[in-house]
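**Q** Pasted the sequence and its predicted model underneath.
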Amino acid sequence: MKQILVGFHAVQARLRVDPGSLKSVYFDSGRRDRRMGDFLKQAEEILGERLHAADAERLHKLTGHDRHQGVVALAEKMTVARTITEVVEDAESAQKKPLFLVLDGVTDPHNFGACLRVADGAGVDAVVIPKDRSASINATVSKVSSGAAEVMPVITITNLVRSMKEMQEAGVWLIGTDDEATKSIYDIDLTGSIGIVMGAEGEGMRRLTKENCDELVRIPMQGVVSSLNVSVASGVCLYEALRQRLAKVSDKAAK
């Protein structure tokens with residue numbers, strides 16, 4: 001199955017992790033800045049005859065828009081998704097606690113791409129999404145994620161509540177975000193096996209999703225707005241988990 005990768009980040013990420021899946025890479029022959037020069041130096045060595053000069057009209061036809069930065073690739077779709085059990089087992093083999101991001105009803109591709117980007121940055125082991133009521137990985141998600149969509153395991157499941165129970169049976173503590181929760185994200189221990197559960201912007205988590213979380217927390221809001229964009233909220237929660245985990249490692253090293 002073919003997919004279109006758009007922009008420097010998405011194409012360079014694929015060059016790093018699976019260059020063989022890139023069938024054709026097109027670059028804007030009229031762009032001669034340093035960033036394009038650095039990209040071509042890397043791409044020419046790896047791709048050879050699969051690298052093609054193109055004009056702006058060709059790039060526009062490939063993507064349907066002009067927000068491609070002068071780099072577009074046709075590639076075989078990577079399959080990086082695994083099962084929840086495999087993610088937990090791999091984390092345990094590496095002597096670490098798994099960290100999941102669970103997205104319930106995030107249908108906007110820009111939000112989904114931004115969530116993948118922050119998940120990759122925070123060291124998430126996998127993102128779990130339902131088959132229905134969710135954005136899927138496409139050219140927009142790939143570009144917005146700045147390459148994270150190429151490397152982040154995304155586990156698509158048919159029944160979110162059933163998969164949440166599977167995670168809990170594997171020892172994963174599920175923490176949902178809710179504006180009405182009494183505890184703050186900063187009040188709880190995030191150093192164990194954790195799944196951060198986020199709902200769609202506006203609607204939030206569905207009722208059954210919320211009811212099946214082990215704990216609900218809120219993100220403190222000090223201004224006039226009542227909530228954050230789902231990707232920003234994911235970043236707040238995931239980086240608090242990362243902060244606590246790094247602090248725990250430092251404490252162990254100090255002892």
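**A** That came through fine.
**Q** Only alpha carbons, please: show stretch 221-239 as CSV.
**A** Only the C-alpha atoms of stretch 221-239 are listed here, as CSV (Å, rounded to 0.1, in the frame of the first residue of the first chain):
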residue,chain,number,x,y,z
MET,A,221,-5.8,26.0,34.5
GLN,A,222,-4.9,29.5,35.8
GLY,A,223,-6.3,31.7,33.0
VAL,A,224,-9.7,32.4,31.5
VAL,A,225,-9.7,29.4,29.1
SER,A,226,-11.2,26.2,30.4
SER,A,227,-9.2,23.6,28.5
LEU,A,228,-6.2,22.9,26.3
ASN,A,229,-5.9,21.5,22.8
VAL,A,230,-5.7,17.7,23.0
SER,A,231,-2.1,17.7,21.7
VAL,A,232,-1.0,20.3,24.2
ALA,A,233,-2.8,18.5,27.0
SER,A,234,-1.1,15.3,25.9
GLY,A,235,2.3,17.0,26.1
VAL,A,236,1.7,18.4,29.6
CYS,A,237,0.8,14.9,30.9
LEU,A,238,3.4,12.9,29.0
TYR,A,239,6.3,15.3,29.9
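**Q** roughly how far is it from the heart of the chain?
**A** Between the centre of stretch 221-239 and the centre of its chain there are 17 Å (CA atoms, centre = their mean, to the nearest Å).
**Q** pretty sure residue 180 contacts residue 210?
**A** No - using CB atoms under 8 Å, residue 180 is not in contact with residue 210, being 10.2 Å away. (C-beta placed from N, C-alpha, C; glycine too.)
**Q** now the strands for this structure?
**A** Remark: strands assigned in the chain by DSSP state E are 2-6, 22-28, 51-54, 71-76, 99-104, 126-130, 154-157, 173-177, 194-199, 215-217.
**Q** Turn those strands into a markdown table, columns for mean neighbour count and mean pLDDT.
**A** Converted to a markdown table, those look like this (neighbours: other CB atoms under 10 Å; pLDDT from 0 to 100):
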| stretch | mean neighbour count | mean pLDDT |
| --- | --- | --- |
| strand 2-6 | 19 | 82 |
| strand 22-28 | 19 | 92 |
| strand 51-54 | 16 | 93 |
| strand 71-76 | 22 | 89 |
| strand 99-104 | 26 | 97 |
| strand 126-130 | 24 | 95 |
| strand 154-157 | 19 | 92 |
| strand 173-177 | 22 | 96 |
| strand 194-199 | 25 | 96 |
| strand 215-217 | 18 | 96 |
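**Q** Nearest approach to residue 140 belongs to which of the ones you listed?
**A** Comparing these against residue 140 with CB to CB, the closest turns out to be strand 2-6 (7.9 Å).
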